[in-house]
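Okay, here's the prediction I keep looking at, along with the sequence it came from:
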Amino acid sequence: MEQAILKTDILYDELRKEIAQYAAGDKFITSREIMKRYNVSQLIVDRTMSRFRSSGLLRVVPGRGTFVTEEVGRLSAKKPATFLFVLPRWNATDQTLREEHLASIRKKFAPKRILTYYFDYSESVPLNLPLEEENIIGIAMLTSSELWNSDILRRLEEYAARVPLVILERHRGDLRLLSVGVNDTFAGSLAANHLCNLGHKKIAVLVSEPHNGVIRERMIGAVNQAELCGAECRVLDCNVRSGEYALDKTYQYFTRLLEEGIDFTGLIGVCADSFTGAVNACLNAGIRIPDDLSMITVGSKRLAAIQHPPLDCIDTNLEGRTDAVLEILSHPDRFSPENNPYEYFKPQLAINGSAKKLN
């Protein structure tokens, strides 16, 4: 299977160069001629020609043959070598922060380009990417699903066979795919340890995002560290599902919880973005931070610092991780799944005064 994919990609690249020499309306060479010239099977030719027809570069006229379309004009417009960030289209501050950081470093990579491509999050992985059209030399991809079936894995492997590929946030070195993410278990542990060091013996972890590997690791890290420190740790689940507005659902859940009464002195958020819902619920209920309730969240320290009040944070270093991705894509020969120092970024504690020391 992998050999067939590789041969199809090689033939595609060769024929793409050949098509670029034709004019719109010209008749293209036959499948038999391609098989003879490039010493490939009918199956490989059929798969390759299907890709050209799907992209609109070739069309078949029954009884007459295969012809080059007007789309051939875009092949002659050579674009700079490009790194492509492929991201699900969902509402998340991290996406905005990543875009902002990419904009700030684009000049550093000139004449190479950095483009962002958003896809519908109902797809785990986009079916097609504009690799040839945009002259893509490297892909950074965040899949919308952390659980990959054979079809998803095959699609990722097909992309990786054509250009260097780095998976964002998912640790998949075990599947021989390069990835860049965070040591999320350590992040949860660090948050709980911060509260325990301040004397908190009753802690809660607020799960304000859909359950996935990242969120589970942060929650487990916090619960385990609290146990090691001799503190009680309660998990509060807002039951957010994929596609729901997490911030609003978190606000509603935590408002009800405050009305019932809370018995913990410290609260850990597993995501700085949606954790804002709990912060706002406290402010509207007259709960003072940190006098009545200490808080710390995991996420971007920039986002935590502009909250009201500013929050203590376990910073996941989005900017550093983005730079690491571009380092790998710029020098793909230096990295492999077995030799990847960027797979697990170590988060850092940033203190802004939202957690107080207990007597």
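On my side now, so go ahead. Numbers count the residues shown, from 1 in each chain.

When you work out contacts or count neighbours from here on, use the C-alpha atoms and nothing else.
Fine.

how many other residues sit next to Y253?
Residues near Y253, counting by other CA atoms under 10 Å, number 19.

Okay, it and A285: tell me how far apart.
13 Å (CA to CA, to the nearest Å).

Mind listing the shared neighbours of those two?
Residues touching both Y253 and A285 (CA atoms under 8 Å, 6 or more residues apart in numbering): none.

tell me the contacts of G56?
Applying CA under 8 Å, 6+ apart, one finds that G56 lies in contact with T69, E71.

domain ranges for this structure?
Structural domains assigned to the chain are 2-75, 79-183+320-345, 184-316, following automatic domain parsing.

between those, which one is nearest to G353?
domain 184-316 (6.2 Å; CA to CA).

Just give me how far the closest one sits from the chain centre.
Domain 184-316 sits 22 Å away from the centroid of its parent chain (CA atoms, centre = their mean, to the nearest Å).

start the count at 18, not 1, going forward
With 18 as the first residue, the last one maps to domain 201-333.

so how far is the first residue of that domain from its last?
Across domain 201-333, the straight-line distance between its terminal residues is 9 Å, by CA to CA.

what does stretch 358-372 give?
The separation between the terminal residues of stretch 358-372, taken as CA to CA, is 33 Å.

Report the buried residues of that stretch.
Buried positions in stretch 358-372, judged by neighbour count with 16 or more other CA atoms under 10 Å: 359-368, 370-372.

Ok, stretch 303-316 next?
For stretch 303-316, a neighbour-count test (16+ other CA under 10 Å) marks I306, P307, L310, S311, M312, I313, T314, V315, G316 as buried.

so where's the stretch 168-317 of the chain uncertain?
Low-confidence segments of the stretch 168-317 of the chain, defined by pLDDT under 70: 190-191.

coming back round to it: closest to L194 out of the buried residues of stretch 303-316?
Taking CA to CA as the measure, L194 sits nearest to G316 out of the buried residues of stretch 303-316, at 24.6 Å.

how far away is that closest one from E31?
For G316, the distance to E31 equals 45 Å [CA to CA].

Please apply the same query to A98.
Distance from A98 to E31, by CA to CA: 18 Å.

buried residues in stretch 118-130?
H118, L119, K129, R130.

which ones are touching the residue lying closest to the third one once chain neighbours are set aside?
Going back to what we said before, that points to K129. If the residues on either side of it in the chain are set aside, K129 comes closest to A98, at 5.0 Å by CA to CA, 6 or more residues apart in numbering. For A98, the contacting residues are P128, K129, R130, E151, N152, I153, I154, taking CA under 8 Å, 6+ apart as the criterion.

ditto for V342
The neighbourhood of V342, defined by CA under 8 Å, 6+ apart, consists of A157, V183, V197.

just the helices in this structure please.
When secondary structure is read from DSSP state H, the chain shows helices at 19-36, 48-55, 59-71, 90-93, 110-126, 167-179, 201-214, 230-245, 263-277, 289-302, 318-322, 335-347.

Residues in contact with the shortest one: which ones?
Outside helix 90-93, the residues within contact range by CA under 8 Å, 6+ apart are A37, A41, E150.

Assess the claim that the first one and V89 are in contact.
Think A37. Yes: the pair formed by A37 and V89 meets the contact definition of CA atoms under 8 Å, at 6.2 Å.

if you count what's nearby, which of those two comes out ahead?
Between A37 and V89, counted using other CA under 10 Å, the more crowded position is V89 (20 against 17).

So for the more buried one, what's the pLDDT?
As predicted, V89 sits at a pLDDT of 80.

I'd like the distance between it and G73.
With distances taken as CA to CA, V89 is found 9 Å from G73.

and what of P358?
Applying CA to CA, one obtains 41 Å for the distance of P358 from G73.

check contacts around V240.
Residues touching V240, when contacts are defined by CA under 8 Å, 6+ apart, comprise G205, S206, A209, V222, C250, R251.

Hmm, A221 and the last one touching each other?
Yes: between R251 and A221 there is a contact under CA under 8 Å: 4.5 Å.

And those two? Which one has more around it.
Neighbour totals were compared for R251 and A221, and A221 leads with 24 against 15 (other CA under 10 Å).

how about that one, what does it touch?
For A221, the set of contacting residues under the criterion of CA under 8 Å, 6+ apart consists of C250, R251, V252, L253, F281, G283, L284, I285.

Take those residues and, keeping just the buried ones, write it as a ChimeraX select command.
Taking 16+ other CA under 10 Å as the burial criterion, the selection of buried members of the contacts of A221 in ChimeraX is written as:
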select :250,252,253,281,283,284,285
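
Return the subset of the contacts of A221 lying in strands.
Within the contacts of A221, membership in strands is found for C250, R251, V252, L253, G283, L284, I285, as judged by DSSP state E.

Save those as TSV, and put in distance to T65 too.
Written out in TSV, the entries for the ones in strands among the contacts of A221 read as follows (distance: CA to CA, whole Å):
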residue	distance to T65
C250	57
R251	56
V252	52
L253	52
G283	59
L284	56
I285	52
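
Spatially, what comes nearest to the most centrally placed residue in the chain if we skip its sequence neighbours?
With distances taken as CA atoms, centre = their mean, the chain has L159 as the residue nearest its mean C-alpha position (2.7 Å). Once flanking residues are discounted, L159 sits nearest to L185: 4.8 Å by CA to CA, 6+ apart.
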